[in-house]
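**Student:** Starting from these lines, generate the structure:
(chains A and B)
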Number of protein chains: 2
Amino acid sequence: MSGSTVGVGVIGCGTVGAALCQLVAEHGDTIAARSGITLEIVRVAVSDVSRRRPVTFAEGVLTDDADALVSDSDVEVVVEVMGGIEPARRLIRAALEAGKPVVTANKEVLANAGAELVEAAAKSRVDLLYEAAVAGAIPLIRPLRESLAGDRLLRVMGIVNGTTNFILTRMGESGQSFDEALADAQSLGYAERDPSADVDGVDAAAKAAIIASVAFGVQVVASDVYREGITHVTGEDIAMAARLGYVVKLLAIVEAVGERPAEPGEPNLGPPGPGEVAVRVHPAMVPVDHPLASVRDSFNAVFVEGAAAGELMFYGRGAGGRPTASAVLGDLVDAAVNLHQGTSAGPAGLARARIRPIDELSSQYYLTIDVVDRPGVLEKVAGATARHGVSILKMEQVGLGDEARLVLVTHTAAERDVQATIADLRLLDEVDRVGTLLRVVGSG
Amino acid sequence: MSGSTVGVGVIGCGTVGAALCQLVAEHGDTIAARSGITLEIVRVAVSDVSRRRPVTFAEGVLTDDADALVSDSDVEVVVEVMGGIEPARRLIRAALEAGKPVVTANKEVLANAGAELVEAAAKSRVDLLYEAAVAGAIPLIRPLRESLAGDRLLRVMGIVNGTTNFILTRMGESGQSFDEALADAQSLGYAERDPSADVDGVDAAAKAAIIASVAFGVQVVASDVYREGITHVTGEDIAMAARLGYVVKLLAIVEAVGERPAEPGEPNLGPPGPGEVAVRVHPAMVPVDHPLASVRDSFNAVFVEGAAAGELMFYGRGAGGRPTASAVLGDLVDAAVNLHQGTSAGPAGLARARIRPIDELSSQYYLTIDVVDRPGVLEKVAGATARHGVSILKMEQVGLGDEARLVLVTHTAAERDVQATIADLRLLDEVDRVGTLLRVVGSG
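**Tutor:** Below you'll find the model as predicted:
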């Protein structure tokens, strides 16, 4: 491989963009020695050219015209680290259509317009790489796509949001309330002033859609993802989970669930196709001896189950300027080498996924029910669960003044039956409130 | 990418080879749909063609002539899963020189003749891929080489031998002795009848050499690796480590240690070069809250520290037919796609590493000393450590009849000084025996 210079255009110069420019300056020589490619950042598009930045650029590099950057003939590879859906979608698409490989760290645009972009890349036969979009510095997309290319993936479960993992770790280990832990996360810079994208699971759901697309080779979008956040999880739930041998984690779970069996009377779904996938984000109880249970603070980890590879886990920093920039740079080297060799990692166009709704999944469940403390209550509650075929593994009563709280853990049951049980419970005079529902995963 | 068939020759059909053939049969269609490449296993070389195997082959596929397989014009890619140094080295080399990409799972040949093979691959501009050689199913080599291409790696620490991890887990959790745990490992098929390659750290040292070569882009061979096994680690050491907040793990550690400062009077080493690397395998005390501490039983994990990426960990099955075969197959797809596109991952020729000997490293140490239980002993021991500038963080005395055992944990000290201290301690009348020396890693 002879030495060659590749011109890079970077859209966005926030934390990640600035860190990327610094890494290229620091490690450019090593990269050139190993890959034969010298990366030259020729244009950086920002919204305000006059703002002070931690990196200085040569005259003419900074521009406020991202469209011009994309069409600039000196720009051979485009890095998009501005975030958001528009104008990122338009710019990435324009670059791909102009035959320029794109590296992005933008989960929103991938989870909402990923299929369109993947198709544009395939049509132009150029790379669209996004290792940094899902779990920051953790190599995940490349292992899923390449190392496990000869395996059949069964399930991927990830702690992919550092903010919520930090909050849940604090609630579990220091006994902080949700609000206290959130305030700490904000003061440490882990959480935004408006934390809803994190605590409501929106960020994790976007990542789940991307993971599902890569793991199963189908098109999954953010709105396909069943989503619950962590705001309803209480300190008591976490303490009770610990007593039962579990930790509570916000998980993004993508599963190959095969063909849905036809219900009686339902039309036959036709010949077996590529199978369905279930994609969901919710707080879950994970057994303490599961590898995901020991992932603490703002760390991320993704647990992968392959038919042949068995259980794998990838752990590391899911956010932060330099960690994320290091993943972007790995992709950038790859894209530049492929461009130079005239090849591409060649993502194929993806068929739309067939999504199995959460209703049709099964799990063990943890459920709290606040009841009036009088004889016969247990019988009523047990009757409601039995009526829907939900079988109880464990039941405990915790006193609360003249009220009582029942804590149930079920055997594996259908989500639909558990939801029907909860609806019935709400109608009982003896039940004041149905509290937290948590799904148990990763056991057995 | 248009559909294309690639002829594969497999050398060796033991557990991994047979599992590979099965995986290709099971997932060949999916691989073809995703990559455009149909893998066809056209030749399989074995030592005894008549032996019964779990896979059946078409007439003419099985052969006992591996040399003929390599030169067969139908074989476009060679997979070597026979193990051992010869004739594997000769066969791999012949394949590479004939312009055929090679995928291997063979750590011995890579750790002993890796540089020669890497050079032959570079000269022929074909792939030499070996993801399965280091940690079975765990994607490690590809992430190190590609995802972290833009980062500077500081250190890699791995639990890369499942047998010893199983034994140490049993000794720590079930209170089994080394011999009992080894016997269980043997009866479960984790350990060979002759366990020395595992328990003496030979297997881990070969993997350490390969990891160091990939992580730092230099040539490191098995004999460069400082090596201690686990046979001298006792149940008492593990119990004491637990009381102090540590678990004992056999670690393969590769570190970039920069330039060695010139000693007074020593000739100047010249201008700063690419720096030195330290490569070692020994039992180590790991803090319980370190991610490596929770890697139990026969699982493997590799902990990576990058300047930008921060801390990463890769976890999974380090051995077993199907897990290892899944890694081989990932490489095989990669090699076949590259061959079809006329490119290669292009490993460059490697310069010989400059190895920093263990003498010149520093660490915290755990040391047990059996002493006569009489006044003045502590003073003598403390005197010996002080004389060599080794400072004690913690000292505890454990009674043993009319003897006593001292357990020391030092502050960070130079290996050379600790070894000199031990030599002095051995000369003291009050010291009956200097017991286990364990290095503490991963704290602070």
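**Student:** Could you use CA atoms for every contact and neighbour count after this?
**Tutor:** Will do.
**Student:** Now do the same for the residue of the stretch 151-300 of chain A found nearest chain B: helix, strand or coil?
**Tutor:** Closest approach of the stretch 151-300 of chain A to chain B (C-alpha to the nearest C-alpha) occurs at A:D151, with a separation of 6.0 Å. Three-state assignment for A:D151 (DSSP: H, G, I helix; E, B strand; the rest coil): coil.
**Student:** do the one 5 residues further on as well
**Tutor:** The three-state assignment at A:V156 reads strand, by three-state DSSP.
**Student:** which parts of the stretch 301-444 of chain A sit against chain B?
**Tutor:** Counting by C-alpha under 8 Å from any C-alpha of the partner chain, the stretch 301-444 of chain A comes close to chain B at A:308-317, A:322-327, A:329-331, A:333-334, A:341, A:343, A:346, A:348.
**Student:** OK, contacts around A:V247?
**Tutor:** A:172, A:238, A:241, A:285-288, A:293 (C-alpha atoms under 8 Å, 6 or more residues apart in numbering or on different chains).
**Student:** Give me every residue in the stretch 151-300 of chain A lying close to chain B.
**Tutor:** Within the stretch 151-300 of chain A, the positions near chain B by C-alpha under 8 Å from any C-alpha are A:151-152, A:291, A:294-295.
**Student:** would you list the residues you listed in a markdown table and tack on pLDDT, neighbour count and distance to B:A204?
**Tutor:** Formatted as a markdown table, these follow (pLDDT from 0 to 100; neighbours: other C-alpha atoms under 10 Å in any protein chain shown; distance: C-alpha to C-alpha, whole Å):
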| residue | pLDDT | neighbour count | distance to B:A204 |
| --- | --- | --- | --- |
| A:D151 | 89 | 29 | 26 |
| A:R152 | 89 | 20 | 29 |
| A:P291 | 94 | 22 | 23 |
| A:S294 | 92 | 19 | 25 |
| A:V295 | 95 | 21 | 26 |
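**Student:** Among those, which one lies nearest to B:V24?
**Tutor:** Of all those, A:D151 has the smallest distance to B:V24: 9.4 Å, by C-alpha to C-alpha.
**Student:** I'd say A:A149 and B:V333 touch.
**Tutor:** Yes. With contacts counted by C-alpha atoms under 8 Å, A:A149 reaches B:V333, the gap being 7.1 Å.
**Student:** Find the residues that touch each one of those two.
**Tutor:** With C-alpha under 8 Å, 6+ apart, A:A149 and B:V333 have common neighbours B:I31.
**Student:** now the helices: where do they sit in the stretch 301-444 of chain A?
**Tutor:** Per DSSP state H, counting those that start in this stretch, the stretch 301-444 of chain A has helices spanning A:321-341, A:377-387, A:415-427. These are given in chain order.
**Student:** Save these as a markdown table, and put in mean pLDDT and mean neighbour count too.
**Tutor:** Converted to a markdown table, these look like this (pLDDT from 0 to 100; neighbours: other C-alpha atoms under 10 Å in any protein chain shown):
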| stretch | mean pLDDT | mean neighbour count |
| --- | --- | --- |
| helix A:321-341 | 93 | 25 |
| helix A:377-387 | 92 | 16 |
| helix A:415-427 | 96 | 17 |
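**Student:** Quick check: what element follows the helix or strand encompassing A:A197 along the chain?
**Tutor:** For A:A197, the element it lies in under DSSP states H and E is helix A:196-199. Proceeding N to C from helix A:196-199, the next assigned helix or strand is helix A:202-216, under DSSP H and E.
**Student:** what's that following helix packed up against?
**Tutor:** Applying 3 or more C-alpha pairs under 8 Å, 6 or more residues apart in numbering or on different chains; DSSP states H and E, one finds that helix A:202-216 contacts helix A:107-124, helix A:132-135, strand A:153-159, helix A:196-199, strand A:226-227, strand A:246-258, strand A:276-287.
**Student:** how far does stretch A:425-443 sit from the chain's center?
**Tutor:** 26 Å (C-alpha atoms, centre = their mean, to the nearest Å).
**Student:** Can you get me the start-to-end distance on it?
**Tutor:** Stretch A:425-443 has an end-to-end distance of 27 Å (criterion: C-alpha to C-alpha, to the nearest Å).
**Student:** what comes into contact with that stretch?
**Tutor:** A:232-233, A:237, A:283-287, A:290, A:363-372, A:377, A:380-381, A:384, A:422.
**Student:** Now do the domain split for chain A, please.
**Tutor:** The record's domain parsing of chain A by automatic domain parsing lists A:4-134+A:322-352, A:142-317, A:361-440.
**Student:** Can you add distance to B:M395 and give these back as JSON lines?
**Tutor:** As requested, the domains of chain A are exported to JSON lines (distance: least, C-alpha to C-alpha, whole Å):
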{"stretch": "domain A:4-134+A:322-352", "distance to B:M395": "40"}
{"stretch": "domain A:142-317", "distance to B:M395": "30"}
{"stretch": "domain A:361-440", "distance to B:M395": "44"}
